[in-house]
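**Q** Provided below are the primary sequence and the corresponding predicted coordinates.
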Amino acid sequence: MTGQQPAADRDAGDRLVDAVADIDDRAVEGALRPTELEDFIGQDRVRAQLGLVLEAARRRERAADHVLLSGPPGLGKTTLATIIARELSAPLRITSGPALQHAGDLAAVLSSLQPGEVLFLDEVHRTARAAEEMLYMAMEDFRVDVVIGKGPGATAVPLDLAPFTLVAATTRAGLLPGPLRDRFGFTAHLDFYEPGDLETIITRSAGLLGIDADSAGIAEIAFRSRGTPRIANRLLRRVRDWAQVHGAGRIDRTAAKAALDLYEVDSRGLDRLDKAVLNALVNRFGGGPVGLSTLAVAVGEETETVEGVAEPFLVREGFLIRTPRGRVATPAAWAHLGLTEPDRGPTSAPESSAMQPPLSFPGEGSR
């Protein structure tokens, strides 16, 4: 296990609608993050449940239960970790799974924690197995066994830890082993945001950044933000740039539409890669089914990029279906491209696609 980004993340890193933080995002997000739970916008169910956990810990005057935050990138997991520390009036220590490649790396972090401190472990699913196994005992018993020496003469020395609260974040909860998941007292899954919540977030960010924006312009940005606050804040900054260079400095609907059209982010949040996939699927392959590798070649991208970057959003928005025979465009995809889906009879439905051979290169599976 290495500290490198997954291939799909690296390939998508220059996309304006990529939910993974870039350098500019990290520089700005610190100033935009709310510091108290009541100021956190959206995720009402998670916010209410987490508030109960933290209030109970304060009343018991003990470290709060360990917290697991899961969900796609850009939805506020890091923000919630900072809020948890603030609500508990505790210091916050930050590390990540890729940084813990050996049990000793984790032991060094844990042994230096102060009583009640909050440890934020980002990308917990990428923690090395040896460190992960040490984490089990640390979370449950606040103790670790440090091995001194090697071979037959090695000795395990127990080391008591100060009570702490682990806040772990993951974008791939399914990769976590059961024993690790079971040690979290509270698990929360963050969902994509509704446009109304995104409008509130954008309005708040515009105020903090000193951006003049009206409600129509904010709504236009929100609808193109793919349900993700990080993307919403990024689009807000790009629209601000356009308004300052080409407009009167104020973000209205006209400025927002012109700026985002320039950056190839359409009315539903699809960008160049998303539309290239849909166009290839519809115009070159008649809507499918078509194998993943063939589709990737048609758009000039790696299969990992198409499968891991473009497809999740297209499937979530109802534009694309993954079937055993390959990828299939939905009627919504045809309509979004301004085309009419041809009437292919009863075999045109994905359930009946077994009647039609998939379009693929020889020897290729649909994956």
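**A** Nice, thanks for sending it over. All values derive from a computational prediction rather than experimental measurement. Residues are numbered from 1 along each chain as shown.
**Q** so how far does stretch 169-187 reach from one end to the other?
**A** Using C-alpha to C-alpha, to the nearest Å, one end of stretch 169-187 lies 10 Å from the other.
**Q** which of the residues in it are buried?
**A** The neighbour-count check on stretch 169-187 (16 or more other C-beta atoms under 10 Å) flags 169-171, 173, 176, 180, 183-184, 186-187 as buried. No exception for glycine: its C-beta is placed from N, CA and C like everyone else's.
**Q** Farthest-apart pair in the residues you listed, please.
**A** Thr171 and Arg183 (19.5 Å; C-beta to C-beta).
**Q** which residues in the stretch 1-150 of the chain form strands?
**A** 67-70, 92-96, 118-122, 143-148 (DSSP state E, counting those that start in this stretch).
**Q** For Gly288, find the nearest of these.
**A** Nearest of the strands of the stretch 1-150 of the chain (C-beta to C-beta): strand 67-70, 31.1 Å.
**Q** other SSEs contacting the closest one?
**A** In terms of contacts (3 or more C-beta pairs under 8 Å, 6 or more residues apart in numbering; DSSP states H and E), strand 67-70 is packed against helix 77-87, strand 165-170, strand 186-189.
**Q** Pick the most buried one from these.
**A** Counting by mean count of other C-beta atoms under 10 Å, strand 165-170 has the highest mean neighbour count of these, with a mean of 26.
**Q** Any chance you could list what contacts the following helix or strand past it?
**A** Remark: after strand 165-170, the chain's next helix or strand is helix 178-181, criterion DSSP states H and E. Residues from elsewhere that reach helix 178-181 (C-beta atoms under 8 Å, 6 or more residues apart in numbering): 68, 124, 132, 135-136, 173, 187.
**Q** ditto for stretch 47-55
**A** 37, 40, 64-65, 67, 80, 84, 87-88, 185-186, 188.
**Q** Among those, which one sits closest to Val328?
**A** Among the contacts of stretch 47-55, and counting by C-beta to C-beta, the member closest to Val328 is Ala188, at 33.6 Å.
**Q** Identify the spatial nearest neighbour of the residue most central in space within the chain, chain neighbours not counted.
**A** Nearest residue to the geometric centre of the chain (C-alpha atoms, centre = their mean): Pro73, 1.5 Å. Nearest residue to Pro73 in three dimensions, chain neighbours excluded: Ala19, at 4.3 Å (C-beta to C-beta, 6 or more residues apart in numbering).
**Q** got the phi/psi numbers for that neighbour?
**A** phi -80, psi -10 (degrees, to the nearest 10).
**Q** what about it, neighbour count?
**A** Using other C-beta atoms under 10 Å, Ala19 has 24 other residues around it.
**Q** so who does it touch?
**A** When contacts are counted by C-beta under 8 Å, 6+ apart, Ala19 touches 72-75, 226, 228, 230-231.
**Q** which of the residues you listed count as buried?
**A** Looking at the contacts of Ala19 with 16+ other C-beta under 10 Å, the buried ones turn out to be 72-75, 226, 228, 230-231.
**Q** Go through the residues you listed and name the one nearest Ala31.
**A** Once C-beta to C-beta is applied, the member of the buried ones among the contacts of Ala19 that ends up nearest Ala31 is Arg230, at 13.8 Å.
**Q** Contacts only, for Phe186.
**A** Going by C-beta under 8 Å, 6+ apart, the list of residues near Phe186 reads 49-50, 53, 65-68.
**Q** Please dump these into a markdown table; it should also carry pLDDT and distance to Gly291 for every row.
**A** Compiled in a markdown table, these are given as follows (pLDDT from 0 to 100; distance: C-beta to C-beta, whole Å):
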| residue | pLDDT | distance to Gly291 |
| --- | --- | --- |
| Gln49 | 94 | 43 |
| Leu50 | 94 | 43 |
| Val53 | 93 | 46 |
| Asp65 | 91 | 46 |
| His66 | 94 | 43 |
| Val67 | 94 | 41 |
| Leu68 | 95 | 36 |
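**Q** related to what we said a few turns ago, show me which of the contacts of helix 178-181 is closest to Gln101.
**A** Glu132 (11.0 Å).
**Q** and that closest one, how many neighbours?
**A** Glu132: 20 neighbours (other C-beta under 10 Å).
**Q** Am I right that it is in contact with Ala168?
**A** No: assessed by C-beta atoms under 8 Å, Glu132 is found out of contact with Ala168, at 10.8 Å.
**Q** Outline the domain layout of this structure.
**A** Domain ranges of the chain: 33-189, 195-262, 272-355, per automatic domain parsing.
**Q** Okay, now the second one: how far is its last residue from its first?
**A** Meaning domain 195-262. Domain 195-262 stretches 22 Å from its first residue to its last (C-alpha to C-alpha).
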